[in-house]
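Participant: give me the fold of what follows.
(chains A, B, C and D)
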Protein chains: 2
Amino acid sequence: MSYETAIEGQDLARARGSKKRTRIQAENEERILDAALEVFSRYGFRGATVDQIAEKAGMSKPNLLYYFRRKHDLYTAVLTRTLDMWLAPFGEMAEDGDPEAELTGYIRQKLEQSRDFPHESRLFIGEILLGAPHLDAVLKTDLKSIVEEKAEVIRRWIGDGKLLDVDPVHLIFMIWATTQHYADFDAQIRSVLGRGIEDPATFRAASDTVIGVLMRGILPAHG
Amino acid sequence: MSYETAIEGQDLARARGSKKRTRIQAENEERILDAALEVFSRYGFRGATVDQIAEKAGMSKPNLLYYFRRKHDLYTAVLTRTLDMWLAPFGEMAEDGDPEAELTGYIRQKLEQSRDFPHESRLFIGEILLGAPHLDAVLKTDLKSIVEEKAEVIRRWIGDGKLLDVDPVHLIFMIWATTQHYADFDAQIRSVLGRGIEDPATFRAASDTVIGVLMRGILPAHG
DNA sequence: GGAACTTCTGACCATCCGGACAAATTCTTC
DNA sequence: GAAGAATTTGTCCGGATGGTCAGAAGTTCC
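Facilitator: Prediction:
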């Protein structure tokens, strides 16, 4: 599954129709995308400035615009680069596994994502706040279908008596909400706890609580 | 509990030291604040423009700036106006009540907030994404202390054997995450479900699932 | 070591944005 | 209905912002 949008001139190699991308090209584009991720995730599309991204990437604005001709191209490039990786753990949830193990593993992976890639999480919520203008098509097709697919898996587990009867889609939302919360609300969590999810003890407390409450909430009483 | 910041010139009446606010003043300030809430919650502080807010409020930019001299004043005015109301249900959770009823009621109220005041929810997450520059002091004092206070209540319930042994602060985070998710991720939810939390059936499914899973996750097995 | 190509930069431009200001209009009060 | 206060608007300004362009500097490859 690939979410690449077919926008012309998105990056240099594609725009020029050249065969190979140079070493410098690859390096700089990566530096730019990393910088853009940080800035877009904090300020949103409108609030971010090309100058700011260029400075963070360690190059001049015209040079950045040599690689991505428009701010908008850069934004969609960051979004699409991130989306596949972001949804990957969801796809790994297997029907033939043990529901408790599969779901526990998935929740843990999502918490690790929030810890290790908070900018990516915040980039998406910024786009969602805007009404998802750039992701709308992808959400309504690819995301919707993969959610329905996994909801069907959960429904079968419920039918087999392995899970309590809960609405599968809302359960998925609960998992996303509780795990991404640690990335998206980092500043708030840090104010209350004094530390964020990157702190090992905090990560352990968070994952114990989230996994404990959610799993007890959906597993049949044992015994 | 009031979170009013002591910023000079925040609004007209205060800035001029006048005794009463006129009818027109009150009306226009409210219209401006409503419009500002919508725009700031979508685009964030930087991404919002004064022109856009003025247009949505149905007045010219200079006239808006007559009421709020700086964009920044308007932003903090919207934030502070919203914060008290936003945290109100949390304060209502009473220690002497039944834990199950108190927590269920609180979760339901938070879901109603997400349904009825989604802009307010999104305004806050925008501020949090920015690193909470305007709310930092308030979060580290008032929010922190009220969270600690309620965590203590939950801890006592646990001590009395009325709740399972979970980390109270992370439980609070879970409640906030799962309920505000329906406001903050509205666009995503709408893409997947085809409708949002304002739809009665969706609201019912969401609240049944969230309340069901969370309460089963923290209440001692009955029987 | 030089031709051809890629990468980078400084200077520049049009537009947008937050904000100032004086003058015009409307409202309140007597 | 006139004085005085409150409200509204048009116009303007300086700085920021997205983006262009011509040419300089660097790289690759023969």
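Participant: in which helix or strand would I find A:Arg69?
Facilitator: Under DSSP states H and E, no helix or strand contains A:Arg69.
Participant: do stretch A:130-140 and DNA strand C meet?
Facilitator: No: residues of stretch A:130-140 are not located near DNA strand C by C-beta under 7 Å from any atom of the strand, the shortest gap being 14.4 Å. All C-beta spots, glycine's among them, are computed from the backbone N, C-alpha and C.
Participant: residues making contact with that stretch?
Facilitator: Under the criterion C-beta atoms under 8 Å, 6 or more residues apart in numbering or on different chains, residues A:3, A:44-45, A:75-76, A:79, A:83, A:124, A:127-128, B:42-43, B:187-188, B:191-192 lie in contact with stretch A:130-140.
Participant: what about it, average pLDDT?
Facilitator: Stretch A:130-140 comes out with an average pLDDT of 95.
Participant: try stretch A:189-205
Facilitator: 98.
Participant: please identify, among the contacts of stretch A:130-140, the one with the most neighbours.
Facilitator: Among these, the one with the most neighbours (other C-beta atoms under 10 Å in any protein chain shown) is A:Gly44, at 27 neighbours.
Participant: from B:His181, how far off is it?
Facilitator: Look at A:Gly44 and B:His181: by C-beta to C-beta, to the nearest Å, they are 19 Å apart.
Participant: which one of the contacts of stretch A:130-140 sits closest to A:Gly161?
Facilitator: B:Val192 (26.6 Å; C-beta to C-beta).
Participant: got the residues of chain A near DNA strand D?
Facilitator: Residues of chain A found near DNA strand D (C-beta under 7 Å from any atom of the strand) are A:22-24, A:48-51, A:61-62, A:65, A:69-72.
Participant: can we see that at 6 Å?
Facilitator: Within chain A, the positions lying close to DNA strand D (C-beta under 6 Å from any atom of the strand) are A:23, A:49-51, A:61-62, A:65, A:69-72.
Participant: okay, and which of those residues map to helices?
Facilitator: Of the residues of chain A next to DNA strand D, the ones assigned to helices by DSSP state H are A:23, A:50-51, A:61-62, A:65, A:71-72.
Participant: list only buried entries from those residues.
Facilitator: A:50, A:71 (16 or more other C-beta atoms under 10 Å in any protein chain shown).
Participant: can you put the ones in helices among the residues of chain A next to DNA strand D in TSV and add distance to B:Pro200 and pLDDT?
Facilitator: Shown next, in TSV, are these (distance: C-beta to C-beta, whole Å; pLDDT from 0 to 100):
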residue	distance to B:Pro200	pLDDT
A:Arg23	58	78
A:Val50	45	98
A:Asp51	48	97
A:Lys61	51	97
A:Pro62	54	97
A:Leu65	49	97
A:Lys71	41	97
A:His72	38	97
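Participant: overlap between the ones in helices among the residues of chain A next to DNA strand D and the residues near DNA strand C?
Facilitator: Taking C-beta under 6 Å from any atom of the strand as the test, DNA strand C is in contact with A:Pro62 out of those.
Participant: any chance of the ones in helices among the residues of chain A next to DNA strand D in JSON lines, plus distance to A:Val166?
Facilitator: Listed next are these as JSON lines, based on distance: C-beta to C-beta, whole Å:
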{"residue": "A:Arg23", "distance to A:Val166": "51"}
{"residue": "A:Val50", "distance to A:Val166": "46"}
{"residue": "A:Asp51", "distance to A:Val166": "49"}
{"residue": "A:Lys61", "distance to A:Val166": "51"}
{"residue": "A:Pro62", "distance to A:Val166": "54"}
{"residue": "A:Leu65", "distance to A:Val166": "50"}
{"residue": "A:Lys71", "distance to A:Val166": "43"}
{"residue": "A:His72", "distance to A:Val166": "40"}
